[in-house]
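K.L.:
After the sequence you'll find the predicted model.
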Number of protein chains: 2
Amino acid sequence: MARRTKAEAAATREALLDAAEEVFLEKGVARTSLEQIARHADMTRGAIYWHFRNKADLFQAMLQRVRMPFQELVEEIGDPSVTERPLEAIRLACLKGFERLEQPRYRRVHAILIHHCEVFGDIDPLAMQNEMAEEACGALIDYCGCAARLGHLRPGLDPGVAGELLQAMLGGLFHDWLRNHERFSILERGTLLLDTQLELMRAPASG
Amino acid sequence: MARRTKAEAAATREALLDAAEEVFLEKGVARTSLEQIARHADMTRGAIYWHFRNKADLFQAMLQRVRMPFQELVEEIGDPSVTERPLEAIRLACLKGFERLEQPRYRRVHAILIHHCEVFGDIDPLAMQNEMAEEACGALIDYCGCAARLGHLRPGLDPGVAGELLQAMLGGLFHDWLRNHERFSILERGTLLLDTQLELMRAPASG
DNA sequence: CGCTATCCATACAATGGTGTATGTAAATGG
DNA sequence: CCATTTACATACACCATTGTATGGATAGCG
């Protein structure tokens, strides 16, 4: 075979990553060989070993395309008044997250990371999940603390517990949906559950 | 080597399952060979292939030792008045579950099922998780519906949503803790979060 | 226009794991 | 107390996958 142009090479790299997503999701990371990925992209293992050092490197490149930290979601809202309404900031950031997750790429890669791979090579998916959870939980607790200081939180509800409650609920929903995304819409049920939970935690309207 | 007595044979079977738990948890199911399990139990693969057909069979036998359906937890409470106080039934059943999870065997096997194995052979851990979740969620919704009819639920809170909320929160906590059980006690934080959530969902004391 | 680095296919050796076949000594049943 | 089954250990053949080495054709650059 012949050498490709730079654009073609970049395209095959993306095609390999796309193929990896699909095969990983279907067969699980451990049970898919590089050969299967290559064939699924109409290539050979030679292409993979040219663009990536090994399976772990390919895996990390795949993750690189869908990083989604909680703080970025908040910033993407673009509404400067969110600091005055922290519970609303949480709400909007989560809705943005739900919308992202409905894109196949985000859904697939997160499903792979959480439900379809084990430790291998120098990849520790649980450590990655821990980082994601810590970041999200920390932000949630911060916003809940802010809400408490503003009197937006139900009296007697500890902001730390409120944040952990939210993180546990969102995480549970997340895991549940990623396990089988055809059972329900993450956007619909997520909105419903989140709104209900926030309503339960919000301070009752005074006067 | 020589033939063992029936009791010794049963003991080695259990030892193999114990070894499987430990190695699976440390290395992940896919990356552990039957040889590693056997050596960890001071045996050879011959012992494994005698007691089990293959890795999948061994895996299922390992799961068999820790099945814990939600309904059984309710029944184990032994208090016949739980039907009159469904929210309390949920609470006590969950506490029982938390206590079980603190036993190393229950914790390890559930951590393996949820975080350390992919599909392999005829084993589909996601399908198993789905079954567990369905069973738990169904029971929770039932009890919440019962609570709603008795007026124990906060007015305006849909019992279905309440059940899903509880299941998501408990599931999220469950996943979080199994990912790294040394960060917090499932019994302590679970009790705190569950009590807080139930308090939020309970109908305000009348009069 | 020629040279070289690039982009990939193909071929190869090495490895690790699986399943099974065979060996064997003692426990068990009659 | 003898025959048979049991409960493993050992040995073997087989297969899949990996990493690398090599080949080759062209794109890009001077």
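P.N.:
Alright, I've got the coordinates.

K.L.:
Show me how chain A divides into domains.
P.N.:
Chain A breaks down by automatic domain parsing into domains covering A:6-64, A:70-201.

K.L.:
residues of the least confident helix or strand in chain A by mean pLDDT that come out buried?
P.N.:
The helix or strand of chain A with the poorest confidence is helix A:70-77; it has a mean of 88 (mean pLDDT, DSSP states H and E). For helix A:70-77, the neighbour count (16 or more other C-beta atoms under 10 Å in any protein chain shown) marks A:70, A:73-74, A:77 as buried. To be clear about C-beta, it is placed using only N, CA and C from the backbone, and glycine gets the same treatment.

K.L.:
How far does that helix sit from its chain's centre?
P.N.:
Averaging C-alpha positions (C-alpha atoms, centre = their mean, to the nearest Å) puts helix A:70-77 13 Å from its chain's average.

K.L.:
Please apply the same query to stretch A:141-156.
P.N.:
Distance, centroid of stretch A:141-156 to centroid of chain: 26 Å (C-alpha atoms, centre = their mean).

K.L.:
which stretches of chain A have low pLDDT?
P.N.:
For chain A, applying pLDDT under 70 flags the ranges A:1, A:206-207.

K.L.:
If we use 50, what do you get?
P.N.:
Counting by pLDDT under 50, chain A has low-confidence residues at A:207.

K.L.:
Looking at it, which helix is longest?
P.N.:
When chain A is parsed with DSSP state H, its longest helix is helix A:125-149.

K.L.:
what is the orientation angle of that one with helix A:70-77?
P.N.:
Per axes from the mean of the first three to the mean of the last three C-alpha atoms, to 10 degrees, the angle that helix A:125-149 makes with helix A:70-77 is 50 degrees.

K.L.:
Not counting its neighbours along the chain, what's nearest whichever residue of chain A sits closest to DNA strand C?
P.N.:
Chain A approaches DNA strand C most closely through A:G46 (2.1 Å), counting by C-beta to the nearest atom of the strand. Distances taken as C-beta to C-beta, 6 or more residues apart in numbering or on different chains put A:A38 closest to A:G46, at 7.9 Å, once the chain neighbours are dropped.

K.L.:
now swap in A:L87 and tell me
P.N.:
Nearest residue to A:L87 in three dimensions, chain neighbours excluded: A:A147, at 5.1 Å (C-beta to C-beta, 6+ apart).

K.L.:
list the contacts for the one you found?
P.N.:
Applying C-beta atoms under 8 Å, 6 or more residues apart in numbering or on different chains to A:A147 gives the contacts A:86-87, A:153, A:159, A:162.

K.L.:
now with 10 Å?
P.N.:
Going by C-beta atoms under 10 Å, 6 or more residues apart in numbering or on different chains, A:A147 touches A:85-90, A:153-154, A:157, A:159, A:162-163, A:198, A:201-203.

K.L.:
can you check A:A111 too?
P.N.:
If a contact means C-beta under 10 Å, 6+ apart, then A:A111 has A:21, A:24-25, A:101, A:117, A:175, A:177-181, B:126 as its contacts.

K.L.:
name the element it belongs to?
P.N.:
Assigned by DSSP states H and E, A:A111 belongs to helix A:104-115.

K.L.:
what distance separates stretch A:115-126 from the centre of its chain?
P.N.:
Centroid separation between stretch A:115-126 and its chain, computed with C-alpha atoms, centre = their mean, is 16 Å.

K.L.:
Restrict that stretch to CA atoms and write it as CSV.
P.N.:
The C-alpha trace of stretch A:115-126 is given here as CSV (Å, rounded to 0.1, in the frame of the first residue of the first chain):
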residue,chain,number,x,y,z
HIS,A,115,-18.9,-0.7,32.4
HIS,A,116,-16.7,-2.4,29.8
CYS,A,117,-13.1,-2.3,30.9
GLU,A,118,-10.9,-3.5,33.6
VAL,A,119,-7.4,-2.5,34.6
PHE,A,120,-4.8,-3.3,31.9
GLY,A,121,-1.4,-2.1,31.0
ASP,A,122,-0.9,1.2,32.8
ILE,A,123,-4.6,2.0,32.6
ASP,A,124,-6.6,2.1,35.8
PRO,A,125,-10.2,3.0,35.0
LEU,A,126,-11.2,3.1,38.6
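
K.L.:
Hmm, A:T12 and A:W50 touching each other?
P.N.:
Yes: between A:W50 and A:T12 there is a contact under C-beta atoms under 10 Å: 9.0 Å.

K.L.:
Pick out whichever of the two has more residues nearby.
P.N.:
Here A:W50 and A:T12 are compared on neighbour count by other C-beta atoms under 10 Å in any protein chain shown; more neighbours surround A:T12, at 18 against 13.

K.L.:
Pull the contacting residues for that one.
P.N.:
A:T12 is in contact with A:4, A:41-43, A:47-48, A:50-51, counting by C-beta under 10 Å, 6+ apart.

K.L.:
Kindly recompute the last result at 8 Å.
P.N.:
Taking C-beta under 8 Å, 6+ apart as the test, what A:T12 contacts is A:4, A:41, A:43, A:47, A:51.

K.L.:
what about the first one, how many neighbours?
P.N.:
Going back to what we said before, that points to A:R4. A:R4 - counted by other C-beta under 10 Å - has 12 other residues nearby.

K.L.:
Got the phi and psi for it?
P.N.:
Note on A:R4: its backbone torsions stand at phi -100, psi 160 [degrees, to the nearest 10].

K.L.:
Ignoring the adjacent residues along the chain, who's closest to it?
P.N.:
Leaving out its chain neighbours, the residue that sits closest to A:R4 by C-beta to C-beta, 6+ apart is A:T12, at 7.0 Å.

K.L.:
where does chain A come near chain B, residue by residue?
P.N.:
Applying C-beta under 8 Å from any C-beta of the partner chain, we find that chain A lies next to chain B at A:27-31, A:115-120, A:126, A:129-130, A:133, A:154, A:157-158, A:161, A:164-165, A:167-176, A:179-180, A:189, A:192-193, A:196-197, A:200-201.

K.L.:
Out of those residues, which end up buried?
P.N.:
Buried members of those, scored by 16+ other C-beta under 10 Å, are A:27-31, A:115-120, A:126, A:129, A:133, A:157, A:161, A:164-165, A:167-176, A:179, A:189, A:192-193, A:196-197, A:200-201.
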